[in-house]
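J.: for reference, the sequence and a predicted model appear below.
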Amino acid sequence: MSSVFGKPRVGSGSQSAPLEVNLAILGRRGAGKSALTVKFLTRRFISEYDPNLEDTYSSEETVDHQPVHLRVMDTADPDTPRNCERYLNWAHAFLVVYSMDSRQSFEDSSSYLELLALHAKETQRSSPALLLGNKLDMAQYRQVTKAEGAALAGKFGCLFFEVSACLDFEHVQHVFHEAVREARRELEKNSLPRPLFISEERALPHQAPLTARHGLASCTFNTLSTVSLKEIPAVAQAKLVTVKASRAQSKRKAPTLTLLKGFKIF
Ligand SMILES: Nc1nc2c(ncn2[C@@H]2O[C@H](COP(=O)(O)OP(=O)(O)OP(=O)(O)O)[C@@H](O)[C@H]2O)c(=O)[nH]1
């Protein structure tokens, strides 16, 4: 079984239909979301990306000898999260990334974890999150201690890892696979059909968007209630881009790099 990027993954050959897992990567600009995504998908560290580019990539993975069709949404929020339902209602798990050399990105990761917790509370549907302190190779410029990262993760009950998109691939792959394991556990836990009580008699009194009630960033999302709904709205389908490798001559006349379509190199 091979990924869309041509590399067969370890343990391929299983016959059962692959589980489908959607993974969204969140975090402040510059935290390293794209670099981690590219490292995971291509084993390469590429340094510069278009900060406004948001895309979703698919990869055939094998996690614990089980096939997984993994979709990765590399998000690009402006400074404050906006239009969050594109990933809140789509993802089965989240990687929340901060750069350990940036206090601001660490504080922003806390806002994202808060947003995920509120969404889970409002929708009664929790999707696991992993907190990643990125740029471990730059620990000499550290502004966030490992203990602070672990404490924040503990506050929201999520796993915590310090990683680097430019060090070993296996460590980055391990984190993505941990996210798949967490999502798989949640999906299996929720796979038992739950009774759905639908009533049209009583409509909920109008409620302001959750974030307005909690003073969070201007990120609103549809809250899913089982009252007065005739049917559950289809889960938002993210734009799925199967990225094909394309060859491009590096500007620095180095040997030709095999680059991924969609990652604009400055
Ligand atoms: N040293 C080091 N630099 C990194 C690492 N990860 C990302 N970078 C660099 O940090 C800068 C931002 O990385 P991106 O992957 O573009 O960050 P992003 O979170 O996707 O940012 P936006 O695309 O603006 O949303 C780039 O110059 C990367 O080369 C890392 O692990 N170590």
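T.: Right, received. Where do you want to start?

J.: all contacts plus neighbour counts: C-alpha atoms, from now on.
T.: OK.

J.: in the stretch 1-150 of the chain, which spans are helices?
T.: Here the stretch 1-150 of the chain has its helices, by DSSP state H, counting those that start in this stretch, at 33-42, 85-88, 103-123, 146-155.

J.: L115: neighbouring residues, count only.
T.: Other residues lying near L115 total 22 when counted by other CA atoms under 10 Å.

J.: give the helix, strand or coil label for E188.
T.: helix (DSSP: H, G, I helix; E, B strand; the rest coil).

J.: point out the most buried one among the helices of the stretch 1-150 of the chain.
T.: Stretch with highest mean neighbour count among those: helix 33-42 (a mean of 24; mean count of other CA atoms under 10 Å).

J.: which strands or helices does that helix pack on?
T.: Counting contacts by 3 or more CA pairs under 8 Å, 6 or more residues apart in numbering; DSSP states H and E, helix 33-42 packs against strand 19-27, strand 66-74, helix 169-189.

J.: which parts of the stretch 1-150 of the chain sit against the ligand?
T.: Counting by CA under 6 Å from any ligand atom, the residues of the stretch 1-150 of the chain close to the ligand are 28-35, 47-51, 76, 134-135, 137-138.

J.: switch to 5 Å and redo it
T.: For the stretch 1-150 of the chain, the residues in contact with the ligand (CA under 5 Å from any ligand atom) are 29-35, 47-49, 51, 76, 135.

J.: just to revisit the earlier point, between the helices and strands packed on helix 33-42, which one is closest to K39.
T.: helix 169-189 (6.6 Å; CA to CA).

J.: hang on, the earlier thing: export the helices of the stretch 1-150 of the chain as a markdown table, with columns for mean pLDDT.
T.: Converted to a markdown table, these look like this (pLDDT from 0 to 100):
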| stretch | mean pLDDT |
| --- | --- |
| helix 33-42 | 96 |
| helix 85-88 | 93 |
| helix 103-123 | 96 |
| helix 146-155 | 98 |
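
J.: could you redo those helices as a markdown table and give each row distance to V97?
T.: Shown next, in a markdown table, are the helices of the stretch 1-150 of the chain (distance: least, CA to CA, whole Å):
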| stretch | distance to V97 |
| --- | --- |
| helix 33-42 | 7 |
| helix 85-88 | 15 |
| helix 103-123 | 7 |
| helix 146-155 | 11 |
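
J.: out of those, nearest to F169?
T.: Comparing these under CA to CA, the one sitting nearest is helix 33-42, at 6.6 Å.

J.: which intervals of the stretch 51-200 of the chain have sub-threshold pLDDT?
T.: Applying pLDDT under 70 to the stretch 51-200 of the chain flags residues 51, 192-200.

J.: that older thread, filter the residues of the stretch 1-150 of the chain next to the ligand down to the buried ones.
T.: Neighbour-count burial (16 or more other CA atoms under 10 Å) applied to these gives R29, G30, A31, G32, K33, S34, A35, Y49, A76, K135.

J.: the helices and strands packed on helix 33-42: which one's closest to W90?
T.: strand 19-27 (6.9 Å).

J.: between the closest one and helix 103-123, how big is the angle?
T.: 130 degrees (axes from the mean of the first three to the mean of the last three CA atoms, to 10 degrees).
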